[in-house]
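Engineer: Using only what follows, build the 3D model:
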Amino acid sequence: MQSKLSLDQKIDSSDIEVREILRPKKMGFEDGIALWDYAKRLGKEKERIMRLMAQGENDQYIMNKMNISKTKYERLREELKKDMIRYLNL
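Structural biologist: Residues are numbered from 1 along each chain as shown. Below is the predicted model:
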């Protein structure tokens, strides 16, 4: 059983894992700029979560570092999931 907070979870019905968006194997310069520009427009909390995930930090570390509850973190992660689906469809 996979944790709801796992970076290995698939984004909806696609074969794309959350981890692949944040840490793609190959990302061109322009793609990187576009992704982080989009992240910045999502707000400071979501951008920070994305940056920490991209650095390979685990959920517990992120919650502790940001001093946020598991409930709030789960809500932000669900919102980020939807945000990333919108990003993939741009």
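
Engineer: which non-adjacent residue is nearest the residue nearest to the spatial centre of the chain?
Structural biologist: Taking Cα atoms, centre = their mean, the centroid of the chain lies closest to residue 50, which sits 4.4 Å from it. Distances taken as Cβ to Cβ, 6 or more residues apart in numbering place residue 39 nearest to residue 50, at 4.8 Å, with adjacent residues excluded. To be clear about C-beta, it is placed using only N, CA and C from the backbone, and glycine gets the same treatment.

Engineer: Pretty sure the one you found sits against residue 46.
Structural biologist: Yes - between residue 39 and residue 46 there is a contact under Cβ atoms under 8 Å: 6.8 Å.

Engineer: who's more crowded, those two?
Structural biologist: Using other Cβ atoms under 10 Å as the criterion, residue 39 and residue 46 rank with residue 39 on top: 21 against 17.

Engineer: Which residues are in contact with that one?
Structural biologist: Applying Cβ atoms under 8 Å, 6 or more residues apart in numbering to residue 39 gives the contacts 46, 47, 50, 51.

Engineer: If anything else comes up later, I'll come back, but that's it for now.
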